Each structure stands twice: as structure tokens, then as C-alpha cells.
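> Return atomic coordinates for the entry below.
(chains A and B)
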Amino acid sequence: MKTIPLEKDQNFLNQTILSLTDQIDLFETFQDLSLKIISQFDLENIFETFCTIVKEVMNYQSATIYLFNEKDESFSIAHHSGVVAEFEERILSDLKVINWIMKQGRWTVLTDFQDRNAECIISILPIKSPNHPIGFMVIITEFEKAIYNQKLSSILNFLASQTAIAVENQNLYAKINKSNVYMTNMLDSIINGIMATNMKGEVTLVSRNATAILGIKKSPVMGKHYKQFLKGTLKNKIDEMFSDIAGKGFAIESMVNHSPYKEVNITVGITASLLTDKNKNTIGIIFIFRDMSASKEIERLTKLDEMKSEFVSNVSHELRTPLSIIKSYSEALLTQVEPDDHQTREQFLSVIDNETDRLATIVTNLLDLSRIESGKFELNYSAVSLKDIVNSVIAVFKTKLVNIDIFTDFEKGLPLIDADEDKIREVLVNLIANSIKFSPMGGTISISIMQQKGLVVCSISDTGIGIPKNEINHIFEKFFRVDNSDTYEIEGTGLGLSIVKHIMDSHKGGISVDSIIGKGSVFTIYLPINRS
Amino acid sequence: MKYKKTILIIDDMKQIRDILWFSLKKEGYKPILAENGPAGLKYLFDEENEIDLVILDVMMPKMDGFEVLGKLRTSNNFASKTPVIMLTAKAQKDDVIKGLNEGANDYVLKPYKFTELLIKVQNLIG
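Model (predicted):
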């Protein structure tokens, strides 16, 4: 075996050390370059930095970066630095060459395209991530300035791979950003307010509607503890729910009155549920806030809509019933009743008369309603005696009543009032007819009139079925009818009392009601003596 | 003596019951009156009574005409096949179809013309 002399050996060592130092230098350069490229988040900056470094490394004449389009095999220019060479297009028309270089994955000098006249060297540096080709750089260097060695090649390939990583990162970043924007838009479009916190109570997410319902500003609350920006009843409620849900572990609901802005009071419905990760570990709490005043409004409108359609069906039934009766009685009178059977004739005619009155009342109410709705409801004032009107209305009812007694108690020396006689008559007809209608088993109706501080007050009390407590506040609403279907079926359009109320209001008077279920109701109307 | 056909009238409106009673009697029938569904069914299901035809109002409190008809037709009672004419203020086509589907033999819309009702009665029971 041949031995190497020590002297030579030392020389060899020296050379090795030198080459190692050189390589360490190279690694340091790599690290430096890598940082420069990777730290860029904007595509344009990445390419800019890439070109600058390549320029430092090999002093090119021009460099152009092409990126592949995602869907097809084509590519387009993304960045350019230096002077554009005319023959670039020619190079790029040969896709086979490009594809081959991409496949090789390393910097390649195109010997075939060397432009002798311009004394240039053309090379292509593929930009490729481990997963897929991203693009390539076409580099044109002056023939004389070109120094090609292994070191240059490794630096260029390394730069290209770092650029590829940076581009990939940038794409991912853009994707995340896009889905973040989408999520935020989605959250902000949900009508309920959404706020999430971690288990410490620090806000990790808050939607636009949550800020509106809570009365806070979005940006300053992110990352803050909810106790730092919520106050009063709302903070107490969240405190309570926070400790409650951590203990219970399932979704809980609650409600709180709160004032998000000055002079605005809303009822907020809150649902809290636990936020878990994919391993079912609890990582936070989601609060959903609903403005209950808004949903109440929708509920009210839906109810009104239902009442309206029920009204249409009620009205058609209310109109048809008296019509059926009138029709059949008159038909019998014309074809069946003997001409000399005076008793039957009279009996039938009085039925027709009653039903005609009923029909007239409904029609008057409907006309009033349409006048009120169109704002054409007007009063014809004159000096009116309320006592006289009450007496004449009672007189009409008395001819028809069998099992109900009507008593009156009028104070002496009652003044005349300034009012629309026909409309006041309508009010009394409606109220007395109701008293009779809602006393299906008979009973007593008492009507009193007295004078009180510039007002004339008339009370009509009955011993009828009464009005349930929860419905009494609604009886003056248009179309409203007390649900009495399981006790008595009493028909009506649900218009009478709303029109009565309107008439009283337009006289600047009023109406009140007091009722005990099963005992009876008292309706009291107040009319000012003088119109002022 | 000629046998009088019996007609049961089920209607919650007294005026309607009264005039039907008067008119049908005039035409030689024997009208029986019931002011609601349960009372009418009770009368129908009683073996002592023999009803030839029912005139049944639709819009009635507690138990409406369709329910009365359903209870009659699905019963095992001897009276379950008694012909029924529905008297309805609801002009909607759907209600008429519903009535006929549930086994009504005919219907008359309110406000009705008695002569029209009479023809339908005669068609069914003579």
C-alpha cells in the first residue's frame, strides 16, 4: 500500500479546510438569500428580490419570470428586469424545451439558442415546488460576462427553490385570507350577533351584528376580556352564563334587557354553547345574541296578517248568514205562506227586519273601516243629548229582547255635548249589541250617564261571559276577536270595538273596559262636553 | 194515510232551522230539528227514530258539519248510510269537494233558494 508523505498530507488538509470554509461561506450566503426571499409576502416583492439576488450572482442583461396558468399548459409573464430581448418569444414558442427543463428541475443553458450576433447566453431557471411547477426564469447574460461553474448552478437552483416556496406560501396566505374574508362576510350577514371567547373570557371573534346589539366597537374588543367592555345587566348576565355553561356543558339560553345606546332599550335573547376542537376539547364559548324586539315585531305583523285573513272569512260568513235568512224567509213568504196567515207573515217579516238591521250594522262598520283606513273619517258636530240617543237605541233593542232586562240610571240636568250624533249612536249600538251578544244565557244590562269634570260619562255593564284578562288589552285592536270557541261560539267581524275606539278618540274622548270572567263586563265611554 | 218522509235539520242558526221546518212541512215532509252536531248524531243513532234524509250545516260551533258527516259515515250504526245534503255558506270549491269526498250526497250553497233545495231533497228521497 502506498503511503502519502506527511508534507503532502498537510497540503491536502489545508486544501480541504479551504474548500470547507468556502462551502460554509456558501451555506451562509444561502441562508441569507433564503431569508430575503421567504420573508416576502407580496408576490411582486418576492420576484423583485429574486431578480435582485440573481443579478448580484451572475450580472445578467435581463431576467424575465414566467408563471404557469393554473388550468392550462400556458404561461404568462409575471415580472421583468433588464432589457427585453427580441428572440425571447422564439424560445418560448417551443414548449417541449420548457417542459423538458421543468422536468429536469435545474438551471439549464440553452446552447441551441445562443445568439452569436448579440453575443448572449440564454439560460432557463425552473421555479418548482416539490408538488408542482410554478414557473421559470429566462436569463440572458452577455457572453463575456458569463462565468459558469458548479457553485453558480447550486446557488441559482437554491434561489429558485426558495422562490417557489415563497410563492406557494403566498398562494396559501392568499387562500387563507380569502376564506377569512368569506367567513367574516358570512358572520356579518347573520342577523343574530355572534361573539366567541376563549375559556378565559377573552374575545376571539365578534360579528358586526353582535357589536350593534351589544353597543360596542369591533376592533378594540378583539383579544380583550368581555368584562372590559360589557357593562351592567349585560355583563352580569354573561358572567352568570359563563360560569353556568362551564359547569353544565350544554347550550343554555337566557334573556336580558339592556341599553346598547342612549335612549334605546332592547330585549336580548342569548344562547351560549361550548366551542370544541376536533378532539372534543373545550376551547371557548360561543354567544349568540338575538334582538327580541325585532322578532316581536315580525311576530306582531304575522299575527296581524293572520287576523286579516280570518277577518275576510269572518266577514263573508257574517254577510252570508243574514242574507241566507232574509232570502229564505222572503222566498217562503212569496211562495208558501197562505195570504190570510197574518201571524206567520208578521213573524217572518220581523225576522227579515232584524236580519236587515244586522246586515246594515256590518255594512256600516265596513264603510267606517274603509273611511278610517283611507283617512276620510270625518265628524259632523252638533249639540247632542247623550241621554236621548241612549234611550232611542234601547227602544230599538227592547222590541227584540226576551230574556234580558235593561235598566238605566241617568243623572239629572245632563248638559248637551258637542258631538257627531250618528257616530255616537253607532258607538252605543255596538256596545249595547255586544252586551246582549255576550250574555247568551240572558241577564241584566245597566246603563248609567253622569257628568264629571267637563265630561259626560256613560257606563254600560252586563252580567255576561266576561273577557279573559290576557285578551282585554287587545279588544280594541282591529280584527281582534276574543277566542271563546270552547265556551260559546259568538260570531262577529272583530271590527265593532276598533271602530268604537276610533270614534271616541276622534271626539277627543275615551273608552275603558273592566271585566271579570264569568261575571260580566263594564264599558265606559267619556265625551268632552265642549269641543276645544 | 200517506207516509211522511222524515228530514233531520242540523243547524246552529235558529232562524234557518225555523224556516226550513216551516217550508219542508209545507211540502209534506216531517222535519226534525237539532241545534248542533252531537244532538243531531244522538237522534240519528237512536233506533227508535227513522230518518230519511239529513240537511247538515257546515259552519257550526264545537263540531262542524264535516265532523258530523265523518262520524255518521264511519259509524257501524244502521243510520250510517242516511243521505246527507250539506248546507254551506262557504262557497269555496275545496269545501264542496271535501264534503262530497266524505260521503255527502249533495250540497246547497248559502244563501240558498228553497226550490233548489227541494229538488235535491226530492231527487234523493222522493
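> Per-residue pLDDT of the residue most central in space within chain B, please?
Compute the mean C-alpha point of chain B, and by C-alpha atoms, centre = their mean the closest residue is B:Ile55, 1.6 Å away. B:Ile55 carries a pLDDT score of 95 in this model.
> before we move on, what about A:Leu319?
Listed pLDDT for A:Leu319 reads 83.
> That one: which element?
For A:Leu319, the element it lies in under DSSP states H and E is helix A:292-335.
> Give the buried residues for the following helix or strand past that helix.
Per DSSP H and E, the first helix or strand lying C-terminal to helix A:292-335 is helix A:342-373. For helix A:342-373, a neighbour-count test (16 or more other C-beta atoms under 10 Å in any protein chain shown) marks A:348, A:351-352, A:354-355, A:358-359, A:361-362, A:364-366, A:368-369, A:372 as buried. No exception for glycine: its C-beta is placed from N, CA and C like everyone else's.
> Is the helix holding A:Leu319 positioned near chain B?
Yes: counting by C-beta under 8 Å from any C-beta of the partner chain, chain B is contacted by helix A:292-335 at A:316-317, A:320-321, A:323-329, A:331-332, A:335.
> which one of those is nearest B:Gln15?
Of all the residues of helix A:292-335 next to chain B, the one sitting nearest B:Gln15 is A:Ile325; the distance, using C-beta to C-beta, is 4.6 Å.
> Per-residue confidence, the closest one, what does it come out as?
pLDDT for A:Ile325: 91.
> Tell me who's in contact with it.
Neighbour list for A:Ile325: A:Val351, A:Ile352, A:Glu355, B:Met13, B:Gln15, B:Ile16, B:Ile19 [criterion: C-beta atoms under 8 Å, 6 or more residues apart in numbering or on different chains].
> with the residues you listed in mind, which one is nearest to B:Met60?
In terms of C-beta to C-beta, no member of the contacts of A:Ile325 lies closer to B:Met60 than B:Met13, at 8.9 Å.
> Now do the contacts for that closest one.
By C-beta under 8 Å, 6+ apart, the residues touching B:Met13 are A:Thr321, A:Ile325, B:Asp57.
> May I see these organised as CSV, with distance to A:Ala272 added?
Compiled in CSV, the contacts of B:Met13 are given as follows (distance: C-beta to C-beta, whole Å):
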residue, distance to A:Ala272
A:Thr321, 54
A:Ile325, 61
B:Asp57, 55
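> if we take these, which one ends up nearest to B:Lys120?
B:Asp57 (15.0 Å).
> Let me see the contact set for the closest one.
Residues near B:Asp57 by C-beta under 8 Å, 6+ apart: B:Ile10, B:Asp11, B:Asp12, B:Met13, B:Ile16, B:Gly65, B:Met86, B:Leu87, B:Thr88.
> Please spell out the ChimeraX selection for the buried subset of those residues.
Command for ChimeraX that selects the buried part of the contacts of B:Asp57, burial taken from 16+ other C-beta under 10 Å:
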select /B:10,11,12,13,16,65,86,87,88
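> Save the contacts of B:Asp57 as TSV, and put in pLDDT and secondary structure too.
Below are the contacts of B:Asp57 laid out as TSV (pLDDT from 0 to 100; DSSP: H, G, I helix; E, B strand; the rest coil):
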residue	pLDDT	secondary structure
B:Ile10	95	strand
B:Asp11	92	coil
B:Asp12	87	coil
B:Met13	85	coil
B:Ile16	91	helix
B:Gly65	90	helix
B:Met86	91	strand
B:Leu87	87	strand
B:Thr88	80	strand
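> Sort out which one of the contacts of B:Asp57 lies nearest B:Asn105 for me.
B:Met86 (8.7 Å).
> Specify the beta-bridge partners of the closest one.
B:Leu56, B:Tyr107 (DSSP bridges).
> Distance from the helix holding A:Leu319 to the middle of the chain?
34 Å (C-alpha atoms, centre = their mean, to the nearest Å).
> What of stretch A:363-378?
Distance of stretch A:363-378 from its chain centroid, counting by C-alpha atoms, centre = their mean, is 37 Å.
> cool, stretch B:63-74 as well?
Distance, centroid of stretch B:63-74 to centroid of chain: 11 Å (C-alpha atoms, centre = their mean).
> Show the average pLDDT along the helix or strand hosting A:Tyr66.
Using DSSP H and E, A:Tyr66 falls within strand A:62-68. Averaged across strand A:62-68, the pLDDT comes to 87.
> strands paired with that strand, and their directions?
Next to strand A:62-68 in the sheet, as set by DSSP bridges, lie strand A:75-82 (antiparallel), strand A:133-142 (antiparallel).
> any idea which of these is most buried?
Ranked by mean neighbour count under mean count of other C-beta atoms under 10 Å in any protein chain shown, the strands paired with strand A:62-68 are led by strand A:133-142, which reaches a mean of 22.
> And for that one, what's in contact with it?
Residues from elsewhere that reach strand A:133-142, judged by C-beta under 8 Å, 6+ apart: A:50, A:54, A:58-68, A:75, A:78, A:82, A:85, A:88, A:91-92, A:98, A:101-102, A:119-128, A:160, A:164, A:167-168.
> thinking again about what came up before, turn the strands paired with strand A:62-68 into a markdown table, columns for mean pLDDT.
Output for the strands paired with strand A:62-68, formatted as a markdown table (pLDDT from 0 to 100):
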| stretch | mean pLDDT |
| --- | --- |
| strand A:75-82 | 84 |
| strand A:133-142 | 86 |
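> got the angle between the helix holding A:Leu319 and helix A:342-373?
150 degrees (axes from the mean of the first three to the mean of the last three C-alpha atoms, to 10 degrees).
> what's the burial count for the nearest residue to B:Leu69 once chain neighbours are set aside?
Leaving aside its sequence neighbours, B:Leu69 sits nearest to B:Glu102 (C-beta to C-beta, 6 or more residues apart in numbering or on different chains; 5.2 Å). For B:Glu102, the neighbour count with other C-beta atoms under 10 Å in any protein chain shown is 17.
> Quick check: A:Val57 vs A:Phe158, distance?
Distance check for A:Val57 against A:Phe158: by C-beta to C-beta, to the nearest Å, it reads 10 Å.
> Just list the residues touching A:Lys420, thanks.
One thing to correct before we go on: residue A:420 is Asp, not Lys. Taking C-beta under 8 Å, 6+ apart as the contact definition, A:Asp420 lies against A:Leu379, A:Asn380, A:Tyr381, A:Ser382, A:Val384, A:Ile503, A:His507.
> Give me the spatial nearest neighbour of the fourth one, chain neighbours excluded.
Using C-beta to C-beta, 6+ apart and skipping residues adjacent in sequence, the residue nearest A:Ser382 is A:Glu421, 6.1 Å away.
> Alright, I will stop here.
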